[in-house]
Structure formats: structure tokens, C-alpha cells
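Asker: need a 3D model of the following:
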Amino acid sequence: MNAILPAHVPSAPTKVPVRVLMVDDSAVTRSVIGGILNDATDIELVCRAGSPDEAFAFLARERVDIILLDHEMPGRNGLDALPHMLDAAHDGHVIMLSSHCQRGSKTAVAALSIGASDALAKPASGHSGREFAAQLLCRIRRLASARAPRDAEGGPMVLRPFPVGFRLECVGIGASTGGIHALAELLSAGLAKPDAPILITQHLPAAFIPHYAKQVARMCDLPVSVAREGEALRPGHIYIAPGEASLSCIRDGGKVRVRLIAERDVFSSALPSVNPMFAGMADCYGGGALGIILTGIGRDGTAGSKALVKAGGAVIAQDEASSTVWGMPGSAARAGLVSACLAPADMPRYLQEQSGVGA
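Answerer: Here you go, the predicted model:
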């Protein structure tokens, strides 16, 4: 799932305890969550705030790694407080923790689009508290692990020259944690203009995809749809990978059609995965394919970028400073596969300067 972080992926405890701030108006919830976190030796609950204002006061003097933010609170709800919470927390991650964040809910997708790194529903009456505790701890640890510096991977980064005479025929955008917010910045900056199909793979469960598609449609003026097997790709149309399959493409005579792949990607184990999307674009469009890798945990997109570059296409990636997690873009960049590392809002201008894309 990744953007909604997978509950089944374990993560080794970090050496320095993860500093967590909880924001919830319910004393009962603060007590329950506090009990879960206090049993974890690698996590430190540094503040139990009963309101956003109390949390802001704490953040003005203390640093935190993770914020657990409730949505429905008196005075100011979580979605309203979220952008300000991100500003106050600097590089801290926010997990929206609310009964309104059931799988596929509008609140969860809205939180992710604003900048939350994850969203998790509080357990309903009769549901397993043990399962919820395991999910919560796993998601905190995974985000903390992604934040940790990777000294072994910190070698010099070499950018590839952008292909000379590049003519855009297809755009593929891959993202995971923090990707919805990054995509909004990218599309609003003018990427959604080229006369070419745009394929998007965002790591999300299937239940979230319908709301996500509506969210993307609000980001731009192009038609948006969840990709269907066998449909012909049309210029100026955005196709979104369904949560239960990877989005790729295949050439059929004079047309390029959607190909959905139900198996998990062999390189990343992700589903949906960016790798099959990029690989299909390389086969169908060759030197006219453009891959864009946005923020996300893991390495998905690197293997597909190799195929794009080998076919003569181009790859650009989000820079570390603007990424929620510089996993996916960083992996491709360190592999020497990208021509530029940029904030999403700067990508359309770069592409226009290089090849006239979006002009």
C-alpha cells in the first residue's frame, strides 16, 4: 500500500527513539494510544495534546518525528489543522488517525492530498485492538525508518544528460508516500498540458482509488479515469492504476492499449507498481517516453527507469528537499538514471526549457 503504509511490513527498531506527538481531544483515546506506544522501547510519546493549539505550543519549542492527528475535534478539525501542523513540525510526518479514515474514505484521501504521510482508522467497537496496535506501530516504524539517513547510499549522484531532440509521446508518473500532495503541485504548475497520455501509479489500496481519481480530476482540467484493460490510450487523458493491478501498456497495431498486470512486481513487490508502467512505456513509446518519480518509500521505479533510459526515454525525479520520503526518487537518482532532481512545481518549466514540453 505504501502511501497508506502497509501494515504487514515489519521494521527494525531505530537506535534513537522515535519522538511522537499525539493530538486528540478524547482523553480515552490518548490513554489507549499512550498505552500502545509506551510498550514500545523504540518509540517515545513526547506529548499528548488535547487540541491543535496545545500541539502548536509544544512544536514551537520541541522537535518531533511523527504526529498522530485526529480529525474530528472541537474548534478546528484535523484537516484544517494539517497544513499548519506540517509547517510547525518542519520535516516531521503526520499520520491522520481518525474514525473518519476508513479504507477508501474521502477524509483519508483528502488528508493524503494535503500532505499527510499516512491515514489510519481508529478501531470500531468489536474490532481487534491488538491488530490496530500492530498496524499503528508498524506504520510509525516504517516512516521513521524511511527518515533515517542512509550513509551507505550517500555516494555522489550523477545526472544523465536530457535526451537531445526529445519529443514527448507519453508521460508516466510514479509516487508513494506524500505523492498525492506532490502530484497536485506538479499538475497545478502546468504539466497537464501535453498532447500525450499521462499514466499515474500511486501506491494506494484499491478502496481508495475512486476517491483518488476524483481528487486528481480536481487538480487539473484534463479528463481522468481509472485505467481499464484493453482501452486505447488517448492524448490529453490521465489514466490511473487501479489498486489491485499495475498499469502498463502494449502496442496493438497502430494503437497503444492499457495492459493491467495483477501480479506483484518482482523488483519492488509493490502492487500497483511503477516498474511495469515504465517498462511498458519503454516498449511502446521508446525515446518518446517520459518518466517522473515523485516522493515515496522504497525503490519502486528504478528498474522501470532503466528500461526507459535504455529505450532512449527520459526520467526526472523529485528532489530530496521537497520529498516527504526520498526513497523512490533517491534510488533512481543514485543509480544515475535521472536527468534532473527538482521540486514538482519546477518540473514543467524544466521540461519546457529542455524540449518544449508543456509549451
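
Asker: now stretch 62-71: buried residues?
Answerer: Within stretch 62-71, the residues that count as buried by 16 or more other CB atoms under 10 Å are Val64, Asp65, Ile66, Ile67, Leu68, Leu69, Asp70, His71. Glycine gets a C-beta too; all of them are placed from N, C-alpha and C.

Asker: correct me, but the last one touches Ser98?
Answerer: Yes. Between His71 and Ser98 there is a contact at 3.7 Å, judged by CB atoms under 8 Å.

Asker: which residue ranges of the stretch 201-350 of the chain form helices?
Answerer: Using DSSP state H, counting those that start in this stretch, the helices of the stretch 201-350 of the chain run over 209-219, 274-285, 302-310, 328-334, 347-355.

Asker: of these, which is nearest Pro17?
Answerer: Closest approach to Pro17 among the helices of the stretch 201-350 of the chain (CB to CB): helix 328-334, 24.7 Å.

Asker: one step back: shared neighbours of His71 and Ser98, which are they?
Answerer: Gly78, Thr107 (CB atoms under 8 Å, 6 or more residues apart in numbering).

Asker: just so I have it, where are all the strands in the stretch 201-350 of the chain?
Answerer: In the stretch 201-350 of the chain, strands defined by DSSP state E, counting those that start in this stretch lie at 224-226, 238-240, 246-252, 255-261, 289-293, 314-318, 341-342, listed in chain order.

Asker: and Val46, which of these is closest to it?
Answerer: strand 314-318 (29.5 Å).

Asker: which strands or helices does that closest one pack on?
Answerer: strand 289-293, helix 302-310, helix 328-334, strand 341-342, helix 347-355 (3 or more CB pairs under 8 Å, 6 or more residues apart in numbering; DSSP states H and E).

Asker: comparing the ones you listed, which comes out most buried?
Answerer: A comparison of those by mean neighbour count, using mean count of other CB atoms under 10 Å, puts strand 289-293 on top with a mean of 29.

Asker: what sits up against that one?
Answerer: 166, 168-175, 186, 274, 278, 281-282, 301, 304-305, 308, 311, 313-318, 328-329, 332, 338, 347, 351, 357.

Asker: buried ones among those?
Answerer: Among the contacts of strand 289-293, those that count as buried by neighbour count (16+ other CB under 10 Å) are 166, 168-175, 186, 274, 278, 281-282, 301, 304-305, 308, 311, 313-318, 328-329, 332, 338, 347, 351, 357.
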